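Participant: Got a predicted model here, sequence first, then my questions.
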Amino acid sequence: MPQVPVLFLPGPWRPPTGWGRWAPVFEEAGYAALTPPARADLTDLTALISRLERRPAIIGHSTGALLTQVLAGRGLAAASVAVSPTRETPPPGYDRFRHAFANAVHEQEAERLYETLHTPATRPRHPWTEPDIHHTAHDRGPLLIITGELDRTAPWPLAHATYQNHARNRHHLTEIIEMPGRGHSLTVDSGWREVCGTALTFIQRFMDP
């Protein structure tokens with residue numbers, strides 16, 4: 001039996017290498033981590049999933065979390081985690097990046113994140129140009145939504161509204177978790193491991209590697 005694949009989808013300002021610390025954690029737990037190109041759209045991702053021997057878990061951040069929901073609604077995810085799902089993206093420039101993405105970390109860490117992760121050239125296709133999310137699809141699979149308490153790009157009201165839409169699904173479990181003191185950079189800043197562990201624990205509940 002092949003390993004269960006886990007597909008990681010980045011947000012607009014993150015190259016696939018932004019999942020570099022998450023992938024080994026999942027691989028050590030027995031999963032096969034996949035990080036498609038940041039410019040991959042739904043057609044590319046659907047084709048990738050169709051070539052897999054097992055239906056993957058899908059984890060996405062920011063606009064990547066919207067793509068995660070679209071793919072799950074099409075029955076392409078065995079389980080999925082949408083971290084800070086949003087259609088909004090911070091424009092170029094450190095000041096806006098600091099305000100919208102790295103507001104919950106110290107200045108030095110915010111500058112480091114900007115230098116290493118702010119890569120507009122790798123920006124993926126906007127999810128809002130894609131088909132609607134099918135929240136109540138019978139083959140959607142279990143879904144966890146994670147948001148940060150201090151997230152200005154995907155604040156609690158937005159994340160909770162997303163949860164409420166998915167909670168109407170009578171076929172699969174939907175859960176939401178708010179991470180205290182965390183901003184939109186929660187998957188890549190110094191507190192990434194707690195978020196990664198939360199996502200891994202959820203996937204393990206439904207998918208043995």
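Facilitator: Nice, I can see it. Numbering: from 1, shown residues only.
Participant: for this structure, what spans make up the strands?
Facilitator: 5-9, 32-34, 57-61, 79-83, 143-148, 174-179 (DSSP state E).
Participant: how about those strands, which one is nearest Leu117?
Facilitator: strand 57-61 (11.0 Å; Cβ to Cβ). C-beta: built from backbone N, CA, C; applies to glycine.
Participant: now for that closest one, which elements pack on it?
Facilitator: strand 5-9, helix 63-73, strand 79-83, helix 192-206 (3 or more Cβ pairs under 8 Å, 6 or more residues apart in numbering; DSSP states H and E).
Participant: most packed of those?
Facilitator: Stretch with highest mean neighbour count among the helices and strands packed on strand 57-61: strand 79-83 (a mean of 29; mean count of other Cβ atoms under 10 Å).
Participant: Who are the packing partners of that strand?
Facilitator: Using 3+ Cβ pairs under 8 Å, 6+ apart, strand 79-83 is in contact with strand 57-61, helix 63-73, strand 143-148, helix 192-206.
Participant: can you redo the ones you listed as JSON lines with distance to Leu34 and mean pLDDT?
Facilitator: Converted to JSON lines, these look like this (distance: least, Cβ to Cβ, whole Å; pLDDT from 0 to 100):
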{"stretch": "strand 57-61", "distance to Leu34": "10", "mean pLDDT": "97"}
{"stretch": "helix 63-73", "distance to Leu34": "13", "mean pLDDT": "94"}
{"stretch": "strand 143-148", "distance to Leu34": "19", "mean pLDDT": "98"}
{"stretch": "helix 192-206", "distance to Leu34": "13", "mean pLDDT": "97"}
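Participant: Please tabulate those in JSON lines, including the columns distance to Arg39.
Facilitator: Shown next, in JSON lines, are the helices and strands packed on strand 79-83 (distance: least, Cβ to Cβ, whole Å):
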{"stretch": "strand 57-61", "distance to Arg39": "15"}
{"stretch": "helix 63-73", "distance to Arg39": "12"}
{"stretch": "strand 143-148", "distance to Arg39": "24"}
{"stretch": "helix 192-206", "distance to Arg39": "23"}
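Participant: what's the burial count for Leu143?
Facilitator: 27 (other Cβ atoms under 10 Å).
Participant: Let me see the contact set for it.
Facilitator: By Cβ atoms under 8 Å, 6 or more residues apart in numbering, the residues touching Leu143 are 69, 72, 79-82, 166, 169, 172-175.
Participant: do that again at 10 Å, thanks
Facilitator: By Cβ atoms under 10 Å, 6 or more residues apart in numbering, the contact list for Leu143 reads 58, 68-69, 72-73, 77, 79-82, 135, 162-163, 166-167, 169, 172-176, 202.
Participant: Return the set of residues that bridge with the residue nearest the centre of the chain.
Facilitator: Nearest residue to the geometric centre of the chain (Cα atoms, centre = their mean): Gly60, 1.7 Å. On the basis of DSSP bridges, Gly60 is bridged to Leu9, Ala82.
Participant: Do I have it right that it meets Gly18?
Facilitator: No - under the criterion of Cβ atoms under 10 Å, Gly60 makes no contact with Gly18, lying 11.7 Å away.
Participant: which residues are in contact with both of these two?
Facilitator: 8, 10-11, 187.
Participant: Nearest to Ala29, out of those: which one, please.
Facilitator: Using Cβ to Cβ, the shared contacts of Gly60 and Gly18 come closest to Ala29 at Phe8, 13.9 Å.
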